[in-house]
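Asks: prediction below, plus the sequence it came from.
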Amino acid sequence: MPYLQLLGEPNEVPQASNMKVLIIGAGMSGLTLAHQLKQNNIDFEIFERDPDEDARQQGWALSLFGEALEGLEILMPAELGPVEQTSHLRPLDLPAQFAFYDVTRPNMRVGVQSDDSGKIIRAHRQTLRNWLLQGIDVQFGKRLVSIEERDDKVTVRFEDGTTATGNFLVGAEGTRSVVRKHILKGKDVMKPLALGSIVGEIALSGEDFTTQLKLAHSGYIVMNSTLGSNDQSAIFCALNKVSDDGQTGYYYYILLWVDKQAPFTTDANPGWTVGATQQQLADFAREKTRAYPEHLRQLVDKVPTEGYKSPGFQLQGVQLESSQLPAGRVMVIGDAAHSMTPFRGEAGVCAFTDAMKLGKTLVKICDQQAQGQDMERLMTDFRDDMLARGKWAIDVSNPVLEDYGKYAADYKFGTFGKEAAPIESLNVQQSTAETMVSA
Ligand SMILES: Cc1cc2nc3c(=O)[nH]c(=O)nc-3n(C[C@H](O)[C@H](O)[C@H](O)COP(=O)(O)OP(=O)(O)OC[C@H]3O[C@@H](n4cnc5c(N)ncnc54)[C@H](O)[C@@H]3O)c2cc1C
């Protein structure tokens, strides 16, 4: 089904309104929603806890495909410029490409690539954030701490003591959402995932860069199931961005492994990776990938000890039931509503799609001056659709490592809306990559 049918046509008649929307979090979904509201003359304010837009690294790269990519191309203002300009491969003229390898079958190479049968943009996160920030007046240094609902008004209070009041509140502030905790009356649903994770970073030039591009332009997963069902691990090796002269690739890899202890960790009592030194993280990662063939382990071998991210982090899962999320004036979107493993790149897609669909819903509420049951019906439709999409994404993303055997049997790594295919057809891109980097 064409994705446009799901999102509907671009909104037609922008109208002024008395409605005011408060958005918490100027990340992927919050900024996307802000553009939808701005284009439709709906009053809004957007608040971000970071002191300014450059306060911290925004994370690595993010895949845009399917409904989310089509929405970003059709529904965002033309002044932002094409979303292609956020590609992590620029200035190299290569299509996004992902490969899957298996330690037990080192000659197997399957993958997906952006082409006419399905477009994928792998965006550099900071560039994408800057693209989204254009034209949006974000109030930085505003960390939400509490919420009060009264009649048709919602008032939020920030850590600096200031407040803001609107008719709708949208929590787009990620996995540790304060808005979600308010909705759940303090009983949160966030749970550590049964996965350990360690991240290493390195810049590569010359032959090392070419070698990585040959393995895959954008990123590759190497699965290891040799050690039995309780000890699967995988490395996700990925290009974050390319230097302006095209000669250096900035890489990261994430080691992920099934960790049955992880679900029992808490913020007060975190897993060992959270407090580990860089040396401990490096030693563990090198040991865990010992069985990986040399050509698939190159990033692990090359990342120096000081390239390990310390303190480490624990991946969290969030899944809400419709009974837990009233369809009213306070809503959550993106990771605040559903958070999952990064294996299939679905979380970002969910976040953008939520923002664009909520934008459409709020425009309808505003156009129809919808109150009471009408407003509730529109918000219920939005919520049910969002939770169903989130549930699907969680169901296909979370078991990838634990149930790897099932996926490996017939190469069914289907992702980015495409089935992974043997990668011979992609070989032409290897020589292109080689020429580019050595030019
Ligand atoms: C290691 C890792 C790798 C990932 N890889 C991928 C990938 O390859 N592909 C993919 O699609 N997704 C990936 N994700 C997930 C992706 O990052 C998220 O799905 C996406 O960023 C969600 O967007 P969002 O708008 O919900 O939240 P975010 O983009 O995280 O934005 C939330 C914003 O809210 C702000 N905020 C938080 N709390 C407050 C507060 N109290 N008050 C005010 N502001 C606040 C934050 O500072 C932030 O700017 C990955 C996640 C992790 C952790």
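Replies: Thanks, I have the structure now.

Asks: any regions of this protein where pLDDT drops low?
Replies: When the per-residue scores of the chain are filtered using pLDDT under 70, the ranges that remain are 1-17, 225-231, 403-417, 422-439.

Asks: residue of it with the smallest distance to the ligand?
Replies: In the chain, the residue found nearest to the ligand is residue 27; the distance is 1.8 Å by CB to the nearest ligand atom. Backbone N, C-alpha and C define where each C-beta goes, glycine included.

Asks: my guess is that residue meets residue 336, correct?
Replies: No - between residue 27 and residue 336 there is no contact under CB atoms under 8 Å: 9.9 Å.

Asks: where do the contact lists of these two overlap?
Replies: With contacts defined as CB atoms under 8 Å, 6 or more residues apart in numbering, the residues shared by residue 27 and residue 336 are 172-174.

Asks: residue 27 and residue 336: which has the busier surroundings?
Replies: Higher neighbour count among residue 27 and residue 336: residue 336, with 31 against 22, using other CB atoms under 10 Å.

Asks: ok so, going back, for the residue of the chain closest to the ligand, what are its contacts?
Replies: Taking CB under 8 Å, 6+ apart as the criterion, residue 27 is in contact with 48, 129, 172-174, 334, 351.

Asks: hang on, the earlier thing: now, the shared contacts of residue 27 and residue 336 that are in helices?
Replies: Per DSSP state H, helices hold no members of the shared contacts of residue 27 and residue 336.

Asks: and these near the ligand, which?
Replies: Filtering the shared contacts of residue 27 and residue 336 for neighbours of the ligand using CB under 6 Å from any ligand atom leaves 172-174.

Asks: of the residues you listed, which is the most crowded?
Replies: When those are compared by neighbour count (other CB under 10 Å), residue 172 ends up highest, at 31 neighbours.

Asks: against residue 21, how distant is that residue?
Replies: Using CB to CB, to the nearest Å, residue 172 is found at 11 Å from residue 21.

Asks: same check on residue 274?
Replies: Taken as CB to CB, the spacing of residue 274 relative to residue 21 amounts to 36 Å.

Asks: between the two, who's got more neighbours?
Replies: Counting neighbours by other CB under 10 Å for residue 274 and for residue 21 shows that residue 21 has the greater number, 27 against 14.

Asks: of all the ones next to the ligand among the shared contacts of residue 27 and residue 336, which comes closest to residue 140?
Replies: Proximity of those to residue 140 was ranked by CB to CB; the top entry is residue 173 with 13.4 Å.

Asks: quick one, what contacts residue 388?
Replies: Residues in contact with residue 388, defined by CB under 8 Å, 6+ apart, are absent; none qualify.

Asks: which outside residues touch stretch 126-141?
Replies: Outside stretch 126-141, the residues touching it (CB under 8 Å, 6+ apart) are 26-28, 31-32, 34-35, 38, 45-53, 55, 57-58, 62, 77, 79-81, 83, 85-86, 88, 160, 241.

Asks: quick one: end-to-end distance for it.
Replies: Chord length of stretch 126-141, first to last residue, is 19 Å (CA to CA, to the nearest Å).

Asks: buried set for that stretch?
Replies: When burial is assessed from 16 or more other CB atoms under 10 Å, stretch 126-141 yields the following buried residues: 126-129, 131-133, 136, 138.

Asks: okay, now the nearest residue to residue 202 once chain neighbours are set aside: neighbour count?
Replies: Nearest non-adjacent residue to residue 202, counting by CB to CB, 6 or more residues apart in numbering: residue 303, 4.7 Å away. Other residues within reach of residue 303, judged by other CB under 10 Å, total 21.

Asks: from residue 124, how far out is residue 303?
Replies: To residue 124, residue 303 is 20 Å away according to CB to CB.

Asks: and for residue 370?
Replies: Distance of residue 370 to residue 124, given as CB to CB: 39 Å.

Asks: higher neighbour count, the two?
Replies: Taking other CB under 10 Å, residue 370 and residue 124 do not tie; residue 124 has more neighbours (25 against 18).

Asks: quick check: phi and psi on the more buried one?
Replies: As for residue 124, its main-chain torsions (degrees, to the nearest 10) stand at phi -70, psi 120.

Asks: got a list of what residue 271 touches?
Replies: Taking CB under 8 Å, 6+ apart as the contact definition, residue 271 lies against 192, 196, 259, 261-262, 265, 312, 314.

Asks: could you find the closest non-adjacent residue to it?
Replies: Closest residue to residue 271 in three dimensions, ignoring its sequence neighbours and counting by CB to CB, 6+ apart: residue 265, at 4.5 Å.

Asks: quick one: the one you found and residue 314 touch, right?
Replies: Yes - with contact defined as CB under 8 Å, residue 265 counts as touching residue 314 (6.0 Å).

Asks: give the residues shared as contacts by those two.
Replies: When contacts are counted by CB under 8 Å, 6+ apart, the set common to residue 265 and residue 314 consists of 192, 271, 274.

Asks: torsion angles phi and psi at the first one?
Replies: Residue 192 adopts backbone torsions of phi -60, psi 140, taken as degrees, to the nearest 10.

Asks: next up, the contacts around it.
Replies: In this structure, residue 192 makes contact with 262-266, 271, 314-317, judged by CB under 8 Å, 6+ apart.

Asks: residue nearest the centroid of this structure?
Replies: Averaging the C-alpha coordinates of the chain gives a centre point, and the residue nearest to it by CA atoms, centre = their mean is residue 348 (3.2 Å).

Asks: any idea how far the closest residue to residue 117 other than its chain neighbours lies from residue 345?
Replies: Counting by CB to CB, 6+ apart, residue 117 lies nearest to residue 418, which is 6.8 Å off, once chain neighbours are set aside. Plainly put, residue 418 is 12 Å away from residue 345 if you go by CB to CB.

Asks: ditto for residue 68
Replies: Counting by CB to CB, the gap from residue 68 to residue 345 is 10 Å.

Asks: so which of the two has more stuff around it?
Replies: Neighbours of residue 68 and residue 345, each counted by other CB under 10 Å, are more numerous for residue 68; the result is 26 against 20.

Asks: show me which residues of the stretch 301-439 of the chain are close to the ligand?
Replies: Proximity of the stretch 301-439 of the chain to the ligand (CB under 6 Å from any ligand atom) is limited to residues 334-336, 342, 345, 347-349, 351.

Asks: what's the farthest-apart pair in those?
Replies: Once CB to CB is applied, these give 336 and 345 as the farthest pair, at 18.6 Å.

Asks: quick check, stretch 38-53 touching the ligand?
Replies: Yes - if you take CB under 6 Å from any ligand atom as the test, stretch 38-53 does meet the ligand, through 47-50.

Asks: select only the buried ones of the residues you listed in ChimeraX?
Replies: With 16+ other CB under 10 Å as the burial test, the buried ones among these are selected in ChimeraX as follows:
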select :47,48,49,50
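
Asks: make a markdown table out of the residues of stretch 38-53 next to the ligand and add secondary structure.
Replies: Rendered in a markdown table, the data for those read as follows (DSSP: H, G, I helix; E, B strand; the rest coil):
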| residue | secondary structure |
| --- | --- |
| 47 | strand |
| 48 | coil |
| 49 | coil |
| 50 | coil |
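
Asks: okay then, goodbye and thanks.
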